[in-house]
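Enquirer: Model the following, please.
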Amino acid sequence: MKIFIKTPAEIASMKEGGRRLGIILKELAAFVAPNITTQNLEDRAKELFKKYEVKPSFLGYKGYPAALCTAVNEEVVHAIPCSRILRDGDIISIDAGACYEGLHTDSAITISVGQITPAIKKFISIGEEALSKAISLCRPGVRLEEISAIIEKTITNNGYKPIKELTGHGVGRLLHEDPLVLNYVDKSSPEIILAEGMTFAIEPIYAMGGAEIKTKSDKWTIITADGSLAAQVEHTVAITANSCEILTIRPVI
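Expert: Down below sits the predicted model:
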């Protein structure tokens, strides 16, 4: 395992790239509406990446064919934008990465399409709560396992299931770096102590029903095996001298 400690200059570049990514995700969220397709979102995203002068990290990564992952309802992650039409009552997770000055940031949101039920609103909110609690623990000297534990506890205490095969990760010089940031506690994992200069993407990924998953025939799109709803939320953070900083914070409009 090799964890890259970023220099202040690298973190500054990641912060600027992450700021631009946050704006892109905010604008994409505002674009979401019933009767558009996920390909419409992809087309808009490419316009925004160009407008804000960042490269989409996902496009071409290990052969992935798009700038976004657009997971709708039972889709968990890595859903390729296509002709699927968004309907009132759906939920969608939009996951994107941005490369700026050679450094990557990664972020995701889950939002509603039109009107959703209170139960689904709660489902979405729990992911944001788990992410917020995890970020609040991030500072030098904390064990990475504590981050995993608070995510798992927040999700399971509300009756949902973390999807164990899918994790957060280091990010920066590469789109995916060490360490893995699990959404559950695995006592067999090596102990990692957070230190200033570490940067990683924290991303609770969880399901309303069972945690079993399967991959569709496109070899990218992962769905829940039982067809239940899934959600993903994510921020890239940097560990600072005494705390942490969210690098992909989205502006309030």
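
Enquirer: use CA for all of it now, contacts and neighbours both
Expert: Will do.

Enquirer: Can you classify A231 as helix, strand or coil?
Expert: Assigned with DSSP: H, G, I helix; E, B strand; the rest coil, A231 falls in the strand class.

Enquirer: what's the offset of the helix or strand where R19 lies from the middle of its chain?
Expert: R19 belongs to helix 8-31 when assigned by DSSP states H and E. Counting by Cα atoms, centre = their mean, to the nearest Å, helix 8-31 is centred 13 Å from the centre of its parent chain.

Enquirer: which of the residues in stretch 125-133 are buried?
Expert: Within stretch 125-133, the residues scored as buried using 16 or more other Cα atoms under 10 Å are 125-132.

Enquirer: Inside helices: which ones of the residues you listed?
Expert: 125-132 (DSSP state H).

Enquirer: Now tabulate those in JSON lines and tack on distance to P251.
Expert: Shown next, in JSON lines, are these (distance: Cα to Cα, whole Å):
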{"residue": "S125", "distance to P251": "18"}
{"residue": "I126", "distance to P251": "21"}
{"residue": "G127", "distance to P251": "19"}
{"residue": "E128", "distance to P251": "16"}
{"residue": "E129", "distance to P251": "18"}
{"residue": "A130", "distance to P251": "20"}
{"residue": "L131", "distance to P251": "17"}
{"residue": "S132", "distance to P251": "16"}
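
Enquirer: List just the nearest of these to A231.
Expert: Comparing these against A231 with Cα to Cα places G127 closest, at 7.3 Å.

Enquirer: The closest one is in contact with A231, isn't it?
Expert: Yes: G127 is within contact range of A231, at 7.3 Å (criterion: Cα atoms under 8 Å).

Enquirer: Can you pull the residues that touch both of the two?
Expert: 205-206 (Cα atoms under 8 Å, 6 or more residues apart in numbering).

Enquirer: before we move on, the earlier item: any chance of the buried residues of stretch 125-133 in CSV with pLDDT as columns?
Expert: As requested, these are exported to CSV (pLDDT from 0 to 100):
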residue, pLDDT
S125, 97
I126, 98
G127, 97
E128, 97
E129, 97
A130, 98
L131, 98
S132, 97
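
Enquirer: And those residues, which is closest to E165?
Expert: Closest to E165, out of all of the buried residues of stretch 125-133 and judged by Cα to Cα, is G127, at 16.8 Å.

Enquirer: okay, S189: pLDDT?
Expert: In this model, S189 is scored at 88, pLDDT.

Enquirer: can you pull the buried residues of stretch 50-66?
Expert: The neighbour-count check on stretch 50-66 (16+ other Cα under 10 Å) flags 54-59, 66 as buried.

Enquirer: Sort out for me which of these are in strands.
Expert: Within the buried residues of stretch 50-66, residues falling in strands by DSSP state E are 55-56.

Enquirer: follow-up on the earlier one: show me what the helix holding R19 is packed against.
Expert: If contacts are counted by 3 or more Cα pairs under 8 Å, 6 or more residues apart in numbering; DSSP states H and E, helix 8-31 sits against helix 38-51, strand 91-100, strand 103-112.

Enquirer: And the ones you listed: which comes nearest W220?
Expert: Nearest to W220, of these and by Cα to Cα, is strand 91-100 at 13.7 Å.

Enquirer: can you give me the strands for the stretch 151-253 of the chain?
Expert: 161-162, 168-170, 177-181, 199-202, 205-207, 213-215, 222-224, 230-232, 235-239, 244-246 (DSSP state E, counting those that start in this stretch).

Enquirer: Alright, calling it a day.
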